[in-house]
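**Q** Sequence and predicted structure, then a few things I'm wondering about:
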Amino acid sequence: MAQGPALICKLLASSVSVAHKAGKIIRDVMLKGDLGIIDKGENDLQTEADRSAQRCIVASFKNLYPNIKVVAEEVDKHSLNLDVPEDWLITELDSNILNLECPQNLSEIKEDQITIWVDPLDGTSEFAKGLVDHVTILIGVCVDDDAVAGVIYQPFWQNKGRALWGLVGYGIGGFEVKEPPTDRKVYVTTRSHYDKAIETFIDGLKPCDIIRVGGAGNKVLYILEGKAHAYVYPRAGCKRWDTAGPEAVLKAAGGELTDAHGNKYSYSKENEKDPLNKYGVFATSPKFNHTEFMKLISEIQSKLE
């Protein structure tokens, strides 16, 4: 009997398909005009688009893979209601990804090794302000501790949406990696959480250009699209659902994402109750030496202590 697609390929194909579905839901909420904003505190908003996109994504995964752990950002009763319209559930998986040659080390992965981390709408603060180019949907497929497959989906790209995906050991799809500038260093950091402490830290990176944008997924896109050499966020704040998908895509492209000490974050299901990335987020372009960059970060930290 012929063996079907590997589980990792099926999960990545599912992630791309459901991201397209959730992206349309987000666009529809924006068109309707009533965002249904809830203030969760600490510059942390939630909208009807967050809630509906999460329900679509989680319900679809649970329908297809009932035994796989899914961890998603929104935890209120509305977002946890998986009784969704039938047309929100994906039925067809991306055929191009299903037919990929799965990396050998991922070909025999079992369901109990998998955790899927979901941010249904990354960049909610920007979405609420109409800065829709900052918005992404993030889905990370993780095996034990490691992010190995992921999707960064731009719902408003050319008004139709675009899925950028990566599979570690195979490569990327939906985009081409571009190289950052060679005549200057460019770093991307937070827009909505920027304060004096972060400004002081980033001052240590100069001379350089600083770009401030919303959304962890969007910042990684800046790296992948050659607009920045590195993503710098020197404090706790991001969660595993912010970084799992982007890290997988970035790693598949040859880049890296770590904490301030150069250590990888664990994406195992045991981190569900404590998903905070406590030691910041530092990500680098495939053409930028991550080890050398982290030496610079360590020097800045030492001077500020």
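**A** Thanks, I have it. Numbering: from 1, shown residues only.

**Q** Strands along this protein, start to end?
**A** 38-39, 45-46, 69-72, 114-122, 136-143, 146-154, 162-167, 171-173, 186-190, 209-213, 230-233, 256-258, 281-284 (DSSP state E).

**Q** Can you say which of these is nearest to Ile300?
**A** strand 230-233 (9.7 Å; CB to CB). (C-beta placed from N, C-alpha, C; glycine too.)

**Q** still on that earlier bit, wait, which of the strands of the chain is closest to Ala248?
**A** Nearest to Ala248 among the strands of the chain is strand 146-154 (3.1 Å), distances taken as CB to CB.

**Q** From the contact counts, what lies against the closest one?
**A** The contact analysis (3 or more CB pairs under 8 Å, 6 or more residues apart in numbering; DSSP states H and E) places strand 146-154 against helix 7-32, strand 136-143, strand 162-167, helix 216-224, helix 240-253.

**Q** and Trp88, which of the ones you listed is closest to it?
**A** With CB to CB as the measure, helix 7-32 is the member of the helices and strands packed on strand 146-154 nearest Trp88 (6.5 Å).

**Q** tell me the angle of that closest one relative to strand 146-154?
**A** Helix 7-32 runs at 30 degrees relative to strand 146-154, counting by axes from the mean of the first three to the mean of the last three CA atoms, to 10 degrees.

**Q** quick check, distance from helix 7-32 to the centre of its chain.
**A** How far helix 7-32 lies from its chain's middle: 13 Å, per CA atoms, centre = their mean, to the nearest Å.

**Q** What mean pLDDT does that helix get?
**A** For helix 7-32, mean pLDDT is 94.

**Q** what do you get for stretch 239-259?
**A** Mean predicted lDDT for stretch 239-259 stands at 98.

**Q** chain center to it, what's the gap?
**A** With CA atoms, centre = their mean, you get 7 Å for stretch 239-259.

**Q** Also stretch 223-234?
**A** Stretch 223-234 has its C-alpha centroid displaced from the chain centroid by 14 Å (CA atoms, centre = their mean).
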